[in-house]
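Undergrad: 3D model of this:
(2 chains)
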Amino acid sequence: MMLRHVWIIALKEWREIVRDPIYLALAFLIPAAMMFVLGNGLMLEVRHMPYGVWDMDNSAQSRDLTERFRHSRYFHHAGALHGYRQVEKALRRGDIRFALIIPPDFSERLARGRTATIQTLIDGQFTYHARVAKGYVSAIVAYYNLEQALRWAAVKEGRSPQALERLMMPVRLEVRYLYNQALRSEWSMAPGLVMLIMLVSPTLLTALGVVREKERGSIFNIQASTVSRAAFLLGKLLPYVLISLLNLVVLTLLALGYFGAPFKGSVVAYALASFIYIFAAGAIGLLVSVLVRSQAAAALITLLGTMIPGFMFSGLMMPISSMSPEAQVEAHVFPAMHFLEVVWGVYLKGYGLAELIRPVGLLVLYALVLMGLAWFTFHKRVKR
Amino acid sequence: MIRLEGVHKRYGRTVALEDVSLEVPRGQLFGLIGPDGAGKSTLMHIVAGVLAQDAGTVVVNGVHVDSERSAERIKSSLGLMPQGLGLNLYPTLSVEENLDFFAGLRNVPKAVARQRKTQLLQMTGLTPFRDRAMQHLSGGMQQKLGLICALIHEPELVILDEPTTGVDPLSRRSFWRLLAQLVEERGMTALVSTAYMDEAALFDQVALMQRGRVLSVGAPQALTDRLPFEQAIIRVRNPESWQTALAEHWPDWTRWFEGHHLHLQVPKAQRAAFEAWIKSDAPSMEGIWWQPADLEGLFLQAQQVHKETVIDLPPPRAERAIVAENLTRRFGRFTAVDEVSLDVHAGEIVGLLGANGAGKSTLMRMLTGLLPPTSGTAEVAGVSIRGNSLAVRRRIGYMAQRFSLYEELTVRENLRLFGRIYGLWGGRLRERLDWALNWSGLDSVADSRAGALPLGQRQRLALSAALLHGPSILFLDEPTSGVDPAGRRHFWSLLRQLCHDEGVAMLVSTHAMNEAENCHRVVMMRQGHKIADAPPDVLKQQLRERRGELATLQVDRPWQAERVLLDAGLDAFVQGRQVALFVHGEAEVSGRVLPLLRQEGLEVRGWQLMPPTMEAVFVSLIEGVA
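TA: Sure thing, here's the model as predicted:
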């Protein structure tokens, strides 16, 4: 009997979703749209940062220096500047993020063996970008200095620059990035967004699905019948789990095809963990829907309640280990962090089920606890 | 079937039920009547086991309902149809899918469900619409579908919360016929609430509730017999002279006007004296009819509504406030309003009648400039409704079917907000605010939250808000739907006052036919067409010429009497506790009708010829065209 009730409620819910254009769009368009918008908009890498040069010296040497900026993939040369007024205007209007200013006596001082000062003005509004810009500029200038030193020593000692380099820089650092060799942020961001959207969308849809019945009054049909609480909650949840599984396929294809992320791990582990995660997210929606009365409140609470932890406390934007102790606790009690471990693991690290036992186990625990809470708080005979 | 003892329920500080004790015997059609906020819905929800009482004993079908677990045990044997037309149904599901869903919820075996479905669809006439989405059904059909969905598992007890609110008289009538048939055939018990007192007269027993208490319980006949007055309906020529005369001679009697008909509650002991007075001193009149006191009288007495100031409606002025010519509105292939032309003069109240889905709301929304017409033209306050809708809106007030108030704001804050929206400031705003609070009688609740008010007061607040900017034309779309008789009466006295004092023109749609009597003129619509446009008296006169006079018969089993008469080819219908039919002269009644009924063992306790009511006009026009 219980199973028949689940089926009947799920079927009714499914019909309502697919026949209501707004609901249908909410179910299928929004997740894909979120993936596109956030995936393209949330580039955390500093690349093609616009800058300008005011070269007062305009010598072979100053051009040699500025040329190095021009060839960096991190920077984009927005044009030559002349005079403070122009520099200030370009920065103020946001045409450039930093300016490089080379004084008129630059080459002359270098030729006389004296230090020459160059200046860079960096837009400090977005501190992260400013810091990154400063780092890159410093690195380029340091390398330029090193080259000058090598050239000077080569002339002085009469040795080849290569030999001198071995002498002066005995330690060489070789960097290899693992899991994301080219360090492309979309490889990490795309699976991360799958984690975020698969949290937001099922939660929102499920919450709205139940609250809509409360708002209209059709919840009385359930309350006044012999349908068990569990059958109702499961029946409500199932269509949204199904929809979310379809969305998962779409988002995964987008991550692989459009954003070019690799998929190195176990498909089975990914599918299983996602299924459980979607259940847990839907259960959060059920819990919210039990507690509020209007669709507007349900939408607001689920959006805020999933977007913020999904973004901030999952490890997507900031590693968990660099959070404050309180924030770390918050991160651990929310399923997003554990699922992020799963998606990054299967996309980038080639994890299989064996490596993911712990996070998957935790997700199962979440799903069970949240469903239990929803069951416990939903009543057919209410106090008011 | 149901036994309540000392049931209490409060929401926060608000008392919803206080010491309610009630017994509903098995097999009865039991009615709950009472003003808005009396606790009817709360009581029904407690009986249905979906709401927990704070204290008291609730026994339903032999089960003590005191926990979620025990409540489960009654649920297989009950059906609940909550308040709100079609709100318990699923709009995008078809008629059949809705029924299948309920059958599944209620564990009805598939074969049985198929058989019952066919039968119930047949009874309700919904068979041709079984594949239509519920949201595309008319209000009357939605309500019938709601009922059969609640009945698909053949419950022993069915609980219906205001099932006929917002439904036209024709659909209401067939709804009650259906319910009476089901109750009788299947030995079902029904607990039903209603805001229409003529419907309540059909119940086996009624309980009158007020402020969370049950004031009286009994058969409608017994309750009204106990009332110390009878009701006189007097057709008068000059309402104001009657007003003065009554105030002088019989100042304490409850009275009200419906058009030119004065309704008067005459104490039984004083009837002789009153009749003598009428023969000698009274102002002139065109006729008098006596009726036993009815439930409306009981209701109004309990509410202690007395001596409403009767306002005579002045004749409309010559200038036209609304001129509509051949207005048409199509939605896709569906024509909601078809070539409707209409005039409303300044200072005129025009009633807009029609079944659900006849196009009344669409017409109003076009005239208010909210909805552009597909074709046709209209001028409102001398301004074309096409394009220049801001200019229109400044001159009109509009109260929509589901009026929008800010529930979290107080009455005063709501009014201030609406005033500012209309561009009122400073002293002018204060002045209009004071006027509105005083005029609507809301000053005592000015600082209460709008959401906490009973429906009748909320509706007066919505009316006041629509009037703040002093419009000369008022559009009211089913303003009194779901409001109890006292609230309706108060509302209409405000409308009459507005028409009398300020000469405001009004277009009012309603399903309550006695309200139509208050209008100068009635426009009737059917399937997008205008089918009648005349003063109520003219329509009634035309009906009398066409069909004869209306005989009302007091019988114990009105539904059966109706059946017998219909089978004999007579055009009978149930009206309150009576059966009414059109006859040509008294001879037809005594010669044909009475013997017919007596033959079937139906005793007629009394009968008289009455002038046709607006309800009779409505039914004959709507059915006649069909």
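Undergrad: got the residues of the stretch 101-250 of chain A near chain B?
TA: Residues of the stretch 101-250 of chain A lying close to chain B (C-beta under 8 Å from any C-beta of the partner chain) are A:216-218, A:220-227. To be clear about C-beta, it is placed using only N, CA and C from the backbone, and glycine gets the same treatment.
Undergrad: not counting sequence-adjacent ones, nearest residue to residue 118?
TA: All of this refers to chain A. A:Ile102 (5.2 Å; C-beta to C-beta, 6 or more residues apart in numbering or on different chains).
Undergrad: wait, chain B
TA: B:Thr127 (7.8 Å).
Undergrad: pLDDT value on that neighbour, please?
TA: pLDDT recorded at B:Thr127 is 90.
Undergrad: wait, it sits on B:Leu121?
TA: Yes - counting by C-beta atoms under 8 Å, B:Leu121 is a contact partner of B:Thr127 at 4.5 Å.
Undergrad: so these two - more neighbours on which side?
TA: Per other C-beta atoms under 10 Å in any protein chain shown, whichever of B:Thr127 and B:Leu121 has more neighbours is B:Leu121, with 20 against 14.
Undergrad: just to be sure, the more buried one is in a helix?
TA: Yes - counting by DSSP: H, G, I helix; E, B strand; the rest coil, B:Leu121 is found in a helix.
Undergrad: distance of the residue nearest the centre of chain B relative to B:Gly601?
TA: Nearest to the geometric centre of chain B sits B:Ala512, at 4.6 Å (C-alpha atoms, centre = their mean). B:Ala512 sits 35 Å away from B:Gly601, taking C-beta to C-beta, to the nearest Å as the criterion.
Undergrad: same deal with A:Arg176?
TA: Distance from A:Arg176 to B:Gly601, by C-beta to C-beta: 103 Å.
Undergrad: would you mind measuring from B:Leu43 to chain A?
TA: 14 Å (C-beta to the nearest C-beta, to the nearest Å).
Undergrad: which neighbouring elements make contact with the strand or helix carrying that residue?
TA: Counting by DSSP states H and E, the element that carries B:Leu43 is helix B:40-47. Helix B:40-47 sits against strand B:2-11, strand B:14-24, strand B:29-33, strand B:55-60, strand B:189-193, with contacts defined as 3 or more C-beta pairs under 8 Å, 6 or more residues apart in numbering or on different chains; DSSP states H and E.
Undergrad: the longest one - contacts with which helices or strands?
TA: Using 3+ C-beta pairs under 8 Å, 6+ apart as the contact criterion, the secondary-structure elements in contact with strand B:14-24 are strand B:2-11, helix B:40-47, strand B:213-218.
Undergrad: cutoff 6 Å now
TA: strand B:2-11, strand B:213-218 (3 or more C-beta pairs under 6 Å, 6 or more residues apart in numbering or on different chains; DSSP states H and E).
Undergrad: which one, of those, ends up nearest to chain A?
TA: Of all the helices and strands packed on strand B:14-24, it is strand B:2-11 that lies closest to chain A, at 5.4 Å by C-beta to the nearest C-beta.
Undergrad: the closest one close to chain A?
TA: Yes - judged by C-beta under 6 Å from any C-beta of the partner chain, strand B:2-11 comes into contact with chain A through B:Tyr11.
Undergrad: what is the burial count for the residue in the stretch 451-600 of chain B positioned nearest to chain A?
TA: At 12.3 Å from chain A, B:Gly451 is the closest residue in the stretch 451-600 of chain B, using C-beta to the nearest C-beta. Number of residues near B:Gly451 (other C-beta under 10 Å) recorded here: 12.
Undergrad: which SS class is it?
TA: Under the three-state scheme (three-state DSSP), B:Gly451 adopts helix.
Undergrad: ok so, going back, would JSON lines of the helices and strands packed on strand B:14-24 with mean pLDDT be doable?
TA: Shown next, in JSON lines, are the helices and strands packed on strand B:14-24 (pLDDT from 0 to 100):
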{"stretch": "strand B:2-11", "mean pLDDT": "93"}
{"stretch": "strand B:213-218", "mean pLDDT": "92"}
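Undergrad: those strands into CSV, with extra columns for distance to A:Gln86 and mean neighbour count?
TA: Converted to CSV, these look like this (distance: least, C-beta to C-beta, whole Å; neighbours: other C-beta atoms under 10 Å in any protein chain shown):
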stretch, distance to A:Gln86, mean neighbour count
strand B:2-11, 70, 18
strand B:213-218, 85, 16
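Undergrad: of all those strands, which one is nearest B:Ser280?
TA: strand B:213-218 (37.3 Å; C-beta to C-beta).
Undergrad: what's the separation between A:Phe236 and A:Pro335?
TA: For the record, residue A:236 is Lys, not Phe. According to C-beta to C-beta, A:Lys236 stands 20 Å off from A:Pro335.
Undergrad: so what are the domain limits for the chain?
TA: Using chain A here. Following automatic domain parsing, chain A resolves into domains at A:2-42+A:184-377, A:49-168.
Undergrad: looking at chain B here, not the other one
TA: As given by automatic domain parsing, the domain ranges for chain B are B:2-223, B:235-292, B:320-534, B:544-625.
Undergrad: right, I'll call it a day here.
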